[in-house]
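# got a structure for you, letters missing:
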């Protein structure tokens, strides 16, 4: 050990780090450089050391109440007055370790700090906390929905005891409490980490949850006269590390370890929340948000995540239909496609219009435009779907791909021609109509009579509806979870939809339906076999897509255009990160 | 100053030195401003207003005053923690949530001598630059709240509080805040949360050190009632001469509250470190009850570790000298020696137990209190305090096995040092101390094979198995 700084002019590690605006931290005997002021738990993550925790969540404030993340901390001892600090041969100061453990979640690092995530003290802390968390826990894993993704199960493998030392009566608390329309509470399972309370306070802006009573009798509950009825309530079940808060929708439906996870995105509004679709066989069991700090942070609205049940609806269209006389008859794809082509070929370009949907993928929208080119019509429009922004994640534009349509159709307003088409249909100028994904009666204010007066109507749907009933040819398509493709959200971020399940046996992927229609109308166009080929055509044509392909989009998407739009929830989150309230 | 006479039967002991308690039980005394002024009240305030705020803090630092709430932290140093260049308002809070079992000193001040507290607080506000101060009075002192409220009105009317105090440029306002009956509100950050209208969940430190981020995230000084009263006397006599009272590093006087099995329980104001345990219990308090002997003493409120009267202690006494063996009677009543003996001076609540007391009952009584008062915020204390209580429940009922004592002890150590606030220590130290000093006696209350003690099926199976092995080994 050297008494003072090495005599050579070599720079000390602290100076080298300081030049980069970093500090040196020793994690389990290994030195790493991290930004000053980083939380210890994040530093451990960077050093690839696991620190078990329950209450800590990067998007919420840190109350430090679970005590699971206790680690040992050390700092160089302060030199006596008048003495300069001494450095070891490796250029670091000797660390003197504190006898008391500290929480890694709320403490920040400083130069030459040491962290031990292993060792007797740390183990003793974790084992102790683990034991305390379990003594009053009902241990009802066999009937608990959280089993398989439970923080208690996870950490008790490493830090728990094989048997319990607790010989007393457990504390009794309310069970199976419906605290909101979508959430159920089991207070006995609750470990009082307060994540749900903080989420409702800090993110959902609806302080409706709180603790009552004290000590071991502390209970989570809703405020008197209130219910947990926020449109973000299901996020509390996501972040609940145990089975205290569970989703009514998913409750008792399936063991999570049987479920397959598919990363995808939400198509209920322009935000395009990143999601995971949980499936078994060909059935969706739940949709949960997936972290993307540029889109939805870690959250998503209840109304959006629960909007998947219609895919398994009884009114789902399972086969193509062709109308003969006044009756629809089940058909097959080759004859339905050629029937549609035959029907359309009878009309001149200006007599035909094409209506697509802002819910369609870039690839589908591209092919739809090619279809309108083939039909020599410029009457091509989307159906607008406007609502109000909720000031968080739901955008006013309820179509998920308006931005994509703008790019691919090279149009400032892809909704512009809808009114012309509606009038044309009413006046009888438009005789044939192709509709994709939209019910013109319910969503585009078309009159039933006008539709009935059309000479030829081809439509694509997932469920039966008025437009389908009026159609001469009905082509059943695929839902958001049943197809691949790309969409561009309101901020101009290109994101990928992935296929979690297959469409019903008689239905088809929408891009293939449009491709086949084009081919039937114009047999000389080169065949397209893969979705990737369609994307390549887009990349050729649209500047923003240049040099991209579906793989390059990655799970988190890439920004391809500037729209000037922002997502309100992310803005408030940024402010909280700047204020140091959350890690982010 | 006029000579002080006291109500008959309540005269102080001649070994006491009454500074803070000068007017307690005083003949003809009442809590009015008129009485206080006739006794030379608010002179220290006027004196302090002639000084610079920094000078006042300097006097307090020089006096060596240590907090009387329990932790014994130097008051002047605490005041110095307000960040330099602070632009936010500074708050002063008087902690009148005296709830440590065995402690009953602050209640006499607020009931009988509220102006002493107000004077000390105005001086302290002046020193730390606080324009607003709160007196947090516990729910259980309704009369005190009324008296202090009245005293604040009187002081405001007389110009000792409010705008331009005593004609100076300094203005300051006081408010009373009533607690709702929770021990944890005495913890300074829990108290601040309570004052903000929330559940009194103590805050994590770091980052929420009150002196930097306290009430409404502004610098806040929280001091005990007795501590704030001492400030008045420090200014009156000067920090240096105050420091001559008591012993070095343990200066001034402090009020010792003696309860339990002594002839004369009560409050006694003594010079810190000048009196020993033996003098206090045998001379001042008149010794044990008829036919009894002292068995154990909890020296600083119920959360302090128990001391055995028959033990000897190997400590440096007086502090700074070489270690030597001293008997229990020789322990001086100061902060440092008490800590060296393995306990703490705490809040000055001396609880005395004689040989009639059963330690398992004593421990269970303490555990019950802490299990009831745990706020429930952090895991070890929330779950552990009640677990310990449940074990001692069985111990008292004779339904615990010796192994339960080991479990009890390890639960205490699993809490100690791992919680957000000092409540973890408060609830685990009594258990640790009791098992350390009285394991033999506690063991006599256990029953090896009581059915209630072995409900754990795995332990049961293990025992059955071991019995079987024993039988086989024993059989020919």
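Looks like it arrived, so ask away. Everything numeric in this text was worked out from a predicted model, so none of it was measured. Numbers count the residues shown, from 1 in each chain, chains lettered A, B, ... in the order given.
# how about the residues of the stretch 301-450 of chain B near chain A?
B:371-380, B:382-387, B:390-391, B:394, B:404, B:407, B:414-415, B:417-420 (Cβ under 8 Å from any Cβ of the partner chain). Heads up, the C-betas are built off the backbone N, CA and C, glycines and all.
# what do you get if the cut-off is 6 Å, keeping everything else the same?
For the stretch 301-450 of chain B, the residues found near chain A under the criterion Cβ under 6 Å from any Cβ of the partner chain are B:374-380, B:382-384, B:386, B:390, B:407, B:414, B:417-418.
# and which of these is nearest residue B:168?
Taking Cβ to Cβ as the measure, residue B:375 is the one of those closest to residue B:168, at 41.2 Å.
# Scan chain B for its longest helix.
helix B:423-444 (DSSP state H).
# how distant is it from the center of its chain?
Centre-to-centre, helix B:423-444 and its host chain are 19 Å apart (Cα atoms, centre = their mean, to the nearest Å).
# on that earlier part again, could you pick out which of the residues of the stretch 301-450 of chain B next to chain A are located in helices?
B:379, B:380, B:382, B:383, B:384, B:386, B:390, B:407, B:414.
# From those, list the buried ones, please.
Burial of those was assessed by neighbour count (16 or more other Cβ atoms under 10 Å in any protein chain shown); the buried members are B:379, B:380, B:382, B:383, B:384, B:386, B:390, B:407, B:414.
# isn't the third one right next to residue B:376, touching?
Yes. Using Cβ atoms under 6 Å as the test, residue B:382 is close enough to residue B:376 to be in contact (4.5 Å).
# Check the contact lists of those two and give me the overlap.
residue A:215 (Cβ atoms under 6 Å, 6 or more residues apart in numbering or on different chains).
# Stretch B:198-210 and chain A, any residue contact?
Yes. Using Cβ under 6 Å from any Cβ, stretch B:198-210 reaches chain A at residue B:204.
# contacting residues around that stretch?
With Cβ under 6 Å, 6+ apart as the contact definition, stretch B:198-210 has outside contacts at A:64, A:106, B:182, B:184-185, B:187-190, B:193-194, B:220, B:222, B:375, B:377, B:420-421.
# ok, and the closest non-adjacent residue to residue B:46?
Closest residue to residue B:46 apart from its sequence neighbours, by Cβ to Cβ, 6 or more residues apart in numbering or on different chains: residue B:166 at 5.5 Å.
# what's the one you found sitting at in phi/psi?
phi 50, psi 30 (degrees, to the nearest 10).
# residues near it, how many?
Residue B:166 is flanked by 16 other residues according to other Cβ atoms under 10 Å in any protein chain shown.
# any idea how far chain A is from it?
40 Å (Cβ to the nearest Cβ, to the nearest Å).
# I'd like to know how far that residue sits from residue B:35.
19 Å (Cβ to Cβ, to the nearest Å).
# if I've got this straight, residue A:221 is in a strand?
Yes. Assessed by DSSP: H, G, I helix; E, B strand; the rest coil, residue A:221 belongs to a strand.
# Please give me every residue in contact with it.
Counting by Cβ under 6 Å, 6+ apart, residue A:221 has contacts residue A:212.
# quick one: which helix or strand includes the residue of chain A most remote from its centre?
The outermost residue of chain A relative to its centre, with distances by Cα atoms, centre = their mean, is residue A:82 at 57.0 Å. Using DSSP states H and E, residue A:82 maps to neither a helix nor a strand.
# and if you look at residue B:305?
Under the criterion DSSP H and E, no helix or strand holds residue B:305.
# what's the nearest residue to it if we skip its chain neighbours?
residue B:433 (3.0 Å).
# Residues of chain A that sit close to chain B?
Counting by Cβ under 6 Å from any Cβ, chain A sits next to chain B at A:64-67, A:100, A:106, A:125, A:128-129, A:132-133, A:135, A:163, A:165, A:167-168, A:214-216, A:218.
# Just the buried subset of these, please.
By 16+ other Cβ under 10 Å, the residues of chain A next to chain B give A:64-67, A:106, A:125, A:128-129, A:132-133, A:135, A:165, A:167-168, A:214-216, A:218 as buried.
# on that earlier part again, check the ones in helices among the residues of the stretch 301-450 of chain B next to chain A for the minimum pLDDT and say which it is.
Per-residue confidence across those is lowest for residue B:407, with 93 (pLDDT).
# Cross-check the contact I'm expecting between that residue and residue A:165.
Yes. Contact status for residue B:407 versus residue A:165: in contact at 5.3 Å, counting by Cβ under 6 Å.
# And the residue of the stretch 201-350 of chain B found nearest chain A, which helix or strand is it part of?
Residue of the stretch 201-350 of chain B nearest chain A, by Cβ to the nearest Cβ: residue B:204 (4.1 Å). Remark: residue B:204 resides in no helix or strand, with elements defined by DSSP H and E.
# Could I get the phi/psi values of the residue lying closest to it once chain neighbours are set aside?
Distance criterion Cβ to Cβ, 6+ apart; nearest residue to residue B:204, sequence neighbours excluded, is residue A:64 at 4.1 Å. Residue A:64 adopts backbone torsions of phi 70, psi 30, taken as degrees, to the nearest 10.
# residue contacts, residue A:64?
Residue A:64 sits in contact with A:103, A:105, A:106, B:204, where contact means Cβ under 6 Å, 6+ apart.
# count of neighbours near the closest residue in space to residue A:398 that isn't next to it in sequence?
Excluding its sequence neighbours, the residue lying closest to residue A:398 (Cβ to Cβ, 6+ apart) is residue A:385, at 4.1 Å. Per other Cβ under 10 Å, the neighbour tally for residue A:385 reads 21.
# I am finished for the moment; much appreciated.
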